[in-house]
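Chemist: Sequence below, structure please.
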Amino acid sequence: MAKHNAFYAQSGGVSSVINASACGVIETCRQHSDRIGHLYAGHNGIIGALTEDLIDVGQESDEAIAALRHTPGGAFGSCRYKLKGIDTHRVQYERLIEVFQAHDIRYFFYNGGGDSADTCLKVSQLSERMGYPLQAIHVAKTVDNDLPLTDNSPGFGSVAKYIATSIREAALDVASMCATSTKVFVMEAMGRHAGWIAAAGALAGGEGAAPPHMVIFPEVPFDRRRVMRKVDETVKQYGYCVIVVSEGARYEDGSFLADAGNTDAFGHRQLGGVAPTLAGMVKQDLGYKYHWSVPDYLQRSARHLASRVDVEQAYAVGVRAVECALEGKNAIMPAIRRDSQSPYSWSIFDAPLADIANQEKFMPADFIREDGFGITQPCRDYLEPLIQGEDFPPFVNGMPDYAKLKLATVPKKLAPFEI
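Modeler: Numbering: from 1, shown residues only. Now for the predicted structure:
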């Protein structure tokens, strides 16, 4: 059987476990060297494919690849670059196929969220129209946990663990000082349209006095008067109030509390910091002393606090992606199925990209408490298994020791291409 080459790329905002998926893809490709020749990686994601900026993964040692499993960030470089529609920008997709043909690439593994799922599907469709044999497999990744069909998304469990841990620790700090200092603490969590990460903050405590006292979701329209009344009641009852707010919190009309006024490369509204916005409301309406925190990239890069379940799932979808390609499958995303809640167990199944691309999974109504400021027991039951276990990276001289790659590039065969 003839051997052909493979291409792997990372897309969008990275996570603490996206490289664990890369490790799964690469190690599985190496185990099937009888069918897969060279494995190339796109330097800076899909841009690397368009510009023919390919990394020869074969130059990396087995030890360096194994170290990817505990290394955060995007080892080969990611990008926020969304390919346009096939009909209006066909030349971009044709360029991808041209690069794949030049380097005998027949397997395409694209590691990302909803937008990359759409790109992967379109590449699959165009290769079929052009008669070029290509297996296009999407490798799930998104800290937002908003991919449909899959029970959860690799990357989410570790962010959830970080947010829940951080708010528990910060709440102890605030509680110890609230008599003479900060009364209200606001922490912002990622999540543009879906409140999964903010919801995970509620795992830090329970009902009643245990903080966080409030969670503010994108799925619940923001009512300033109602929120301020709840903050005031909480401070008077407990002496302080700890809040987790999703960056995508919005008013009844759909406008964001913190809209920076522009869009990113994917066409999403850029959000300008909802934590300081909400804290400013507290100061203006209630006069309480406050502090706020925006963990931003810290929450998605905190590999030192990754969930072991998340790491294992991220690796597993990478492994299954290669298996799908070798089985001749196309336009598929390996997804996670929850087989049992207690004890928690999971497996991988193959989900069609046509049912995933351009779709978002929001918090179910029964996961949000009736008053809109917390989570229900079903939500807690869903979230808790995803943050279980620790998977610490190795430490050297007190610091985590991460993978160091050569990132050797492949000689170009085609004319330059402007993106």
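Chemist: When you work out contacts or count neighbours from here on, use the C-alpha atoms and nothing else.
Modeler: OK.
Chemist: any chance you could map the strands in the stretch 201-350 of the chain?
Modeler: Taking DSSP state E, counting those that start in this stretch as the criterion, the stretch 201-350 of the chain carries its strands at 214-216, 241-246, 259-263, 269-271, 290-293, 332-341, 344-352.
Chemist: What lies in contact with the longest one?
Modeler: Put plainly, it is strand 332-341. Strand 332-341 is contacted by residues 136-140, 149-153, 313, 317, 320-321, 324, 344-353, 381, 385 when judged by C-alpha atoms under 8 Å, 6 or more residues apart in numbering.
Chemist: Kindly recompute the last result at 6 Å.
Modeler: Strand 332-341 is contacted from outside by 137-139, 150-151, 317, 345-353, using C-alpha atoms under 6 Å, 6 or more residues apart in numbering.
Chemist: got it, and the fifth one?
Modeler: Around strand 290-293, the neighbours that count as contacts under C-alpha under 6 Å, 6+ apart are 182-187, 275.
Chemist: now Ala202: how far from Ala279?
Modeler: Between Ala202 and Ala279 the computed distance is 19 Å (C-alpha to C-alpha, to the nearest Å).
Chemist: for Arg308, that is, sorry about that
Modeler: For Arg308, the distance to Ala279 equals 34 Å [C-alpha to C-alpha].
Chemist: Compare these two (neighbour count), which wins?
Modeler: A side-by-side neighbour count of Arg308 and Ala279, using other C-alpha atoms under 10 Å, places Ala279 first with 22 against 19.
Chemist: Report pLDDT for the more buried one.
Modeler: Each residue has a pLDDT score; the one for Ala279 is 96.
Chemist: The one 3 residues further on too?
Modeler: Note for Val282: predicted pLDDT of 97.
Chemist: neighbours around it, how many?
Modeler: The tally of other residues near Val282 (other C-alpha under 10 Å) stands at 21.
Chemist: Just name the closest of the contacts of strand 290-293 to Phe392, please.
Modeler: Taking C-alpha to C-alpha as the measure, Phe392 sits nearest to Met187 out of these, at 24.9 Å.
Chemist: And the contacts of whichever strand or helix holds the closest one?
Modeler: Per DSSP states H and E, Met187 falls inside strand 184-189. The list of residues contacting strand 184-189 from outside it, by C-alpha under 6 Å, 6+ apart, reads 198, 240-247, 275, 290-294.
Chemist: For the stretch 151-300 of the chain, give me the ranges with low pLDDT.
Modeler: Judged against pLDDT under 70, the low-scoring parts of the stretch 151-300 of the chain cover residues 206-209, 260-272.
Chemist: try 90 this time
Modeler: When the per-residue scores of the stretch 151-300 of the chain are filtered using pLDDT under 90, the ranges that remain are 192-193, 205-210, 258-273.
Chemist: which residues in it form helices?
Modeler: Assigned helices in the stretch 151-300 of the chain, in chain order: 156-177, 196-201, 224-238, 274-286, 297-301 (criterion: DSSP state H, counting those that start in this stretch).
Chemist: so which strand or helix has Tyr110?
Modeler: Taking DSSP H and E as the criterion, the element that holds Tyr110 is strand 105-112.
Chemist: Can you list the helices and strands that the helix or strand just after that strand packs against?
Modeler: Tracing the chain past strand 105-112, the next element assigned as helix or strand by DSSP H and E is helix 114-130. Other elements packing on helix 114-130 under the criterion 3 or more C-alpha pairs under 6 Å, 6 or more residues apart in numbering; DSSP states H and E are absent; no helix or strand qualifies.
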